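J.: Got a predicted model here, sequence first, then my questions.
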Amino acid sequence: MRSLVGATIGGGRYRVVSHLGSGGMASVYRATHMDLGHDVAMKFLHASVSSRDDLARFRREARLGAGLDHPSCVRTLDFSETDDHMAIVMELLEGPTVRGVMDLGPMPVSTAVSVTLHVLDALAYVHRRGILHRDVKPGNVMYGRRQDALVPILIDFGLAKSTEDDLLDPPHQLCLGSPASGIITAPGVCCGSPSYIAPERIRRQRYGPPSDVYGVGVLLYEMLTGERPFRGRSPRDIMTAAVRVPPRPLCAHASPIAPRLERVVLRALEKDPDRRYRSAGEMAFDLSELAGSGEIELPPCDAAPAALLDESSALLHDRVWQSINSAASGRARAAWDACRT
């Protein structure tokens, strides 16, 4: 795809400033809203991607994203479609991805748990709205500003599906998520990023919220250990291991981890979805209990919680956010305050 830097898009509303990244299906650029003067991220579908299914998937990503309003979900602001371009306009997140943070070195337990609570909070919200993310991984969690704090935000709904859709992947299609929601197709597997696909999706069985929870389990395992729970020389080898081989104990990779925390991770990685956490909220409840117990220290979170749909959801949401703040004491609180002054 030729560079769009300098182009004016959306009837003159946006001027493309710089290229941020590319994947198999789309490229992401920084752009300026010409009337309002603020910068946004614009995700352009590659011109070479022109099948009816790909166009429908991109429009669906924009439609699903536009319906989300939660501090831990990326905000979709606009959609532009012309004869030459199709683009989703999103808020510009200035922070690194969790993948970028992990590439700098080991992640403290407190940070890993805090990131996980934010991701679970976002997933609980989208699941209540009948949406499955289907591509939870470190590259799809990015730090962004909420009020005056940088917090982890779930991004990239390129593979998301509504639970009203047929929740079975095509029998002979592989869709591997890419850094910019690109899709790489090959025969014989299902949609997602190989290391994070739940076993029931690999078996092409019906999937639901526990399938996203599995991705969170892999994410937390990797943040805690620096390794993924299953290895292989090819995507097929990795997914075969995910279906057949138990994950290595976390202590095999890292310094001792609290037994309660390891139990949470391994339950999220259960191969049978009926033995896994049934929902993001259920896993968040156990993690927030652990955070509130004092066994781990968490940095505080200052982002304001979103309005919730019902009383039980509000109670869980408050418990998650309050457990982060109540556990943030001593060295964690001091370090947080220091970095903000």
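T.: Right, received. Where do you want to start?

J.: So which residues of the stretch 201-341 of the chain form helices?
T.: Assigned by DSSP state H, counting those that start in this stretch, the stretch 201-341 of the chain shows helices spanning 209-225, 235-244, 259-268, 280-292, 311-327, 330-339.

J.: Tell me the helices and strands packed up against the second one.
T.: Helices and strands touching helix 235-244, by 3 or more C-beta pairs under 8 Å, 6 or more residues apart in numbering; DSSP states H and E, are helix 199-202. No exception for glycine: its C-beta is placed from N, CA and C like everyone else's.

J.: do the same with the third one
T.: Helices and strands touching helix 259-268, as assessed by 3+ C-beta pairs under 8 Å, 6+ apart, comprise helix 209-225, helix 280-292.

J.: Among the ones you listed, which comes closest to residue 240?
T.: Closest approach to residue 240 among the helices and strands packed on helix 259-268 (C-beta to C-beta): helix 209-225, 15.4 Å.

J.: and the closest one, how far from the chain's centre?
T.: Computed by C-alpha atoms, centre = their mean, to the nearest Å, the chain-centroid distance of helix 209-225 equals 10 Å.

J.: Quick one: mean pLDDT for it?
T.: The average pLDDT for helix 209-225 rounds to 96.

J.: Return it as CSV; C-alpha atoms alone will do.
T.: Extracted in CSV, the C-alpha atoms of helix 209-225 (Å, rounded to 0.1, in the frame of the first residue of the first chain):
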residue,chain,number,x,y,z
PRO,A,209,-16.8,-15.5,26.7
PRO,A,210,-14.6,-18.3,28.2
SER,A,211,-12.7,-18.3,24.9
ASP,A,212,-11.7,-14.7,25.5
VAL,A,213,-10.9,-15.5,29.1
TYR,A,214,-8.4,-18.1,27.8
GLY,A,215,-6.6,-15.4,25.9
VAL,A,216,-6.4,-13.4,29.1
GLY,A,217,-4.9,-16.5,30.9
VAL,A,218,-2.2,-16.7,28.2
LEU,A,219,-1.5,-13.0,28.5
LEU,A,220,-1.2,-13.2,32.3
TYR,A,221,1.0,-16.3,32.1
GLU,A,222,3.3,-14.5,29.6
MET,A,223,3.5,-11.3,31.7
LEU,A,224,4.4,-13.2,34.8
THR,A,225,7.0,-15.6,33.2
